[in-house]
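Undergrad: Provided below are the primary sequence and the corresponding predicted coordinates.
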Amino acid sequence: MRGNVLAIAVQLSGLVLAPLLPGVIQTIKARLQGRVGTSPLQPYRDLRRLWGKRSVAPHDSTYVYRLAPSLSAAALACAVLVAPIGASTIGWLGSDMLVLIGLLALARFSTAAAAWDPGGGFSLMGAGRDLMFSVFAEPLLLLAFVLVAIGSHSTDLVQMVAAAGDPHVATLPAHWCAALAFGLVVLVETGRQPIDNPDTHLELTMVHEGPLLEYAGRDLAMLQWTAAARHWLMLVLAAGLFIPLPLTAPWSVLALAAAVAALCAVVALVETSLAKMRILRVPVLLGAGVATCMIGLASWIAGGTT
Amino acid sequence: MQPTLNKLFLILLCGLLLVLPSTAAASGNLAALQGDLRRQLALAGPYDGGYVYDLSTKQALFSERASATRPPASVEKLYTATAALAVFCFVKVVGLVLLGPHRQKAVASSHEVPPSMTGPVVVLAALCLAIGVAPGVALGQMGHLSPFGALPASAVGITLAVPGSGVFAPVALAAFVVLCAAVLQLARRRAGTTAPSPMWICGQVPDSRLAWTSAGFTKSLLLVLTVVLRPRRTVSVELDGVLVHSVVHESEVPHLFDELLFRPVLGRVLAASRVLRRTQSGSLRAYLTYLLVTLVVVLVVVRVGVG
């Protein structure tokens, strides 16, 4: 264990608190659109309802289909326990940034393989699109991490979060280029507009929901929790890496909560103001993120090795 | 040029260390058709082992980089782009070959091969998995080959803690993921038996002609990377009066390495050898003439002196 006990408790409770974030985003979004909307606790009600139901399995599906929800939920649970809260982490499962990238890829692989198992066209279409996005988003995530690591001189997530409050790091253009790129990655990983519409019920437009089409009951509950955990992971990381927060005991947790709430509001605002992009335009947007990162890198090389 | 050789070359180019899991995956996937054991191996072995291995390699590259003055981050990006592409590729191959309903009649009557044939694949897959779970063992040895110098002995072990990077604990990671997935799987069982259900394809009747193809799966990526991959596509519509009689659709992704690199080089080499072949006629008189000419040239050089 590294760091503060309270922060580590929050990190553990992230497994339970995760569904709150999509709930909050949906509520804020509804208010911005002039609707009453659902309560922020709605995802918990959905999960409870789904947890009480039996799972279903299409004909000809094998254990690949049945195993995928557990595996992707396990990978994301692991990722939540790796992402540090206020420069504190459990640390048993590793604390390096590449661990997160690997775990996200594992979750993606298991759901995509499960889409092949029953062989339904709509699941496969969604899975194919999701993997296509990941081909561009994963390098972008890595590049953003690399630029942050330049400031903190380490690829250790704890040190990267600790360096966010360093006034020297805040003057690095590379750091803020990474922040822009990371914002794009947050939208891709959480499946929010303008990348993907989480509220869609049209199979032809689905990206992240596509592979979930065949699932029901506890399987679907696990997959929905996985999506919520992705929100938690990405927003906590965005707040930790790019917003200078205090690092001492209770204040670090409170400031992080406020920052994550503010980021939820930003995501809701983005989702309300932007329409969903055409799918083939998304890689162009992510390419712009890569270009931003390259500018940051160039500025760092031009500014000398600091 | 064989397409397999071409692919192997590309894989080598993308990252030498990706080769091990990829070849294992290829052998695993091609050898197996619809065996349950094989499915398990093809899914678990190359992917988990390969990817974790891949990650730990990247990790090692990275930390060495941190101590160097300039980070060639474009190299890193390329490397991870190939990792994400590798995931896409694995999903496609595994899905197409091993998963889903039968796509050909012959496959429906296929049966599992004897253990003497599954054995080697099991060993390969187990090795992949072992390297993935305990990368320190191989990495310590391979560190000597690195142009950046060997890794410090303290950094390499069951957990990797290379200077300038965070902790990397693949054993704990693998154990946690397996344990967590097992607990969730048990919880899933407790809800009751899984109910069989028809597949949801928007209310249509499932039909093998509507089955998803591998080309469809990667179509979106192909469209995005049109500039790089330059796919060729021809659609010819045969009209019978005003009615469409038949539509022929052909599409192909050309092997750019073949067409732009190997074929021209091979052509030049063959042309040069054609010229050479004319001089090597096999005739004894010709060779005697060559000897004579050489002798004369040597004598002249000796007489006149060089330099």
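TA: That came in fine, so what should we check first?
Undergrad: Contacts only, for the residue of the stretch 1-150 of chain B found nearest chain A.
TA: Of all residues in the stretch 1-150 of chain B, the one sitting closest to chain A is B:Gly95 (2.9 Å; C-beta to the nearest C-beta). (Glycine included, C-beta is placed from N, CA and C.) Counting by C-beta atoms under 8 Å, 6 or more residues apart in numbering or on different chains, B:Gly95 makes contact with A:112-113, A:115-117, A:124, B:214, B:217.
Undergrad: again, 6 Å this time
TA: Taking C-beta atoms under 6 Å, 6 or more residues apart in numbering or on different chains as the criterion, B:Gly95 is in contact with A:Trp116.
Undergrad: The nearest residue to A:Val290 once chain neighbours are set aside in helix, strand or coil?
TA: Once flanking residues are discounted, A:Val290 sits nearest to A:Leu140: 5.7 Å by C-beta to C-beta, 6 or more residues apart in numbering or on different chains. With DSSP: H, G, I helix; E, B strand; the rest coil as the basis, A:Leu140 sits in helix.
Undergrad: In this structure A:Leu140 contacts A:Ala291, no?
TA: No - here A:Leu140 does not reach A:Ala291: they are 10.3 Å apart, not a contact under C-beta atoms under 6 Å.
Undergrad: who's more crowded, these two?
TA: Each of A:Leu140 and A:Ala291 has its neighbours counted (other C-beta atoms under 10 Å in any protein chain shown); A:Leu140 has more, 24 against 12.
Undergrad: Can you give me the pLDDT of the more buried one?
TA: On the pLDDT scale, A:Leu140 is placed at 91.
Undergrad: what sits against it?
TA: Neighbour list for A:Leu140: A:181, A:185, A:286, A:289-290 [criterion: C-beta under 6 Å, 6+ apart].
Undergrad: Going by distance to chain B, which of these wins?
TA: Among the contacts of A:Leu140, and counting by C-beta to the nearest C-beta, the member closest to chain B is A:Val290, at 7.3 Å.
Undergrad: Remind me which helix or strand that closest one belongs to.
TA: helix A:282-302 (DSSP states H and E).
Undergrad: Summarise which helices and strands that helix is packed against.
TA: helix A:121-152, helix A:173-190 (3 or more C-beta pairs under 6 Å, 6 or more residues apart in numbering or on different chains; DSSP states H and E).
Undergrad: residue ranges with poor pLDDT in chain B?
TA: B:1-82, B:138-157, B:161-164, B:306-307 (pLDDT under 70).
Undergrad: and if we set it to 50?
TA: Within chain B, the ranges that satisfy pLDDT under 50 run B:1-78.
Undergrad: got the angle between the helix holding A:Val290 and helix A:121-152?
TA: Relative orientation of helix A:282-302 versus helix A:121-152 (axes from the mean of the first three to the mean of the last three C-alpha atoms, to 10 degrees): 10 degrees.
Undergrad: what ranges do the strands span in the stretch 201-307 of chain B?
TA: Secondary structure of the stretch 201-307 of chain B (DSSP state E, counting those that start in this stretch): strands at B:232-240, B:243-252.
Undergrad: would CSV of these with mean neighbour count be doable?
TA: Listed next are those as CSV, based on neighbours: other C-beta atoms under 10 Å in any protein chain shown:
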stretch, mean neighbour count
strand B:232-240, 9
strand B:243-252, 9
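Undergrad: I'd like the ones you listed laid out as TSV, including distance to chain A.
TA: Compiled in TSV, these are given as follows (distance: least, C-beta to the nearest C-beta, whole Å):
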stretch	distance to chain A
strand B:232-240	16
strand B:243-252	16
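Undergrad: Any idea which of those strands gets closest to B:Ala126?
TA: The closest of the strands of the stretch 201-307 of chain B to B:Ala126 is strand B:243-252. By C-beta to C-beta, the value is 38.0 Å.
Undergrad: Mind checking what helix or strand follows that closest one in sequence?
TA: Downstream of strand B:243-252 (by DSSP H and E), the next one is helix B:256.
Undergrad: Output the contacting helices and strands for that following helix.
TA: Contacting helix B:256 under the criterion 3+ C-beta pairs under 6 Å, 6+ apart is no other helix or strand.
Undergrad: before we move on, back to that, got JSON lines for the helices and strands packed on helix A:282-302, with distance to A:Pro244 too?
TA: Formatted as JSON lines, the helices and strands packed on helix A:282-302 follow (distance: least, C-beta to C-beta, whole Å):
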{"stretch": "helix A:121-152", "distance to A:Pro244": "12"}
{"stretch": "helix A:173-190", "distance to A:Pro244": "11"}
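Undergrad: Can you give me every residue that contacts A:Gln11?
TA: So A:Gln11 contacts A:Ile85 (C-beta under 6 Å, 6+ apart).
Undergrad: Mind telling me what element it is part of?
TA: Using DSSP H and E, A:Gln11 falls in helix A:5-17.
Undergrad: buried set for that helix?
TA: Under the neighbour-count criterion of 16 or more other C-beta atoms under 10 Å in any protein chain shown, helix A:5-17 has A:7-8, A:10-11, A:14-15, A:17 buried.
Undergrad: and which of those is nearest chain B?
TA: Distances from chain B to the buried residues of helix A:5-17, taken by C-beta to the nearest C-beta, are shortest for A:Leu15, at 10.1 Å.
Undergrad: and that closest one, how far is that from A:Gly94?
TA: Distance, A:Leu15 to A:Gly94, by C-beta to C-beta, to the nearest Å: 17 Å.
Undergrad: cool, A:Ala113 as well?
TA: 24 Å.
Undergrad: which stretch among the strands of the stretch 201-307 of chain B comes nearest B:Leu160?
TA: Comparing these by C-beta to C-beta, strand B:243-252 comes nearest, at 43.6 Å.
Undergrad: That closest one - contacts with which helices or strands?
TA: So strand B:243-252, by 3+ C-beta pairs under 6 Å, 6+ apart, packs with strand B:232-240.
Undergrad: Give me the contact list for the strand it packs on.
TA: Identification of contacts with strand B:232-240 by C-beta under 6 Å, 6+ apart yields B:244-252.
Undergrad: now check stretch A:104-113, is it near chain B?
TA: Yes - Stretch A:104-113 is in contact with chain B by C-beta under 6 Å from any C-beta of the partner chain, via A:105, A:109, A:112-113.
Undergrad: pLDDT of that stretch, averaged?
TA: Here the average pLDDT along stretch A:104-113 is 89.
Undergrad: which parts of that stretch are buried?
TA: Neighbour-count burial for stretch A:104-113, with 16+ other C-beta under 10 Å as criterion, is recorded at A:104-113.
Undergrad: Columns distance to A:Ile295 and secondary structure on top of the residues you listed, output as TSV?
TA: Formatted as TSV, the buried residues of stretch A:104-113 follow (distance: C-beta to C-beta, whole Å; DSSP: H, G, I helix; E, B strand; the rest coil):
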residue	distance to A:Ile295	secondary structure
A:Leu104	25	helix
A:Ala105	27	helix
A:Leu106	32	helix
A:Ala107	31	helix
A:Arg108	28	helix
A:Phe109	32	helix
A:Ser110	36	helix
A:Thr111	34	helix
A:Ala112	33	helix
A:Ala113	37	helix
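Undergrad: Next, work out how far apart A:Gly287 and A:Phe136 are.
TA: 7 Å.
Undergrad: ok, now A:Ala221?
TA: From A:Ala221 to A:Phe136 the distance is 30 Å (C-beta to C-beta).
Undergrad: the more surrounded of these two?
TA: A:Ala221 (25 against 22).
Undergrad: so that one sits right up against A:Leu50, yeah?
TA: Yes - counting by C-beta under 6 Å, A:Ala221 does reach A:Leu50; the two are 3.8 Å apart.
Undergrad: Can you tell me which of the buried residues of stretch A:104-113 is nearest A:Pro167?
TA: A:Leu104 (31.4 Å).
Undergrad: No further queries at this time; thank you.
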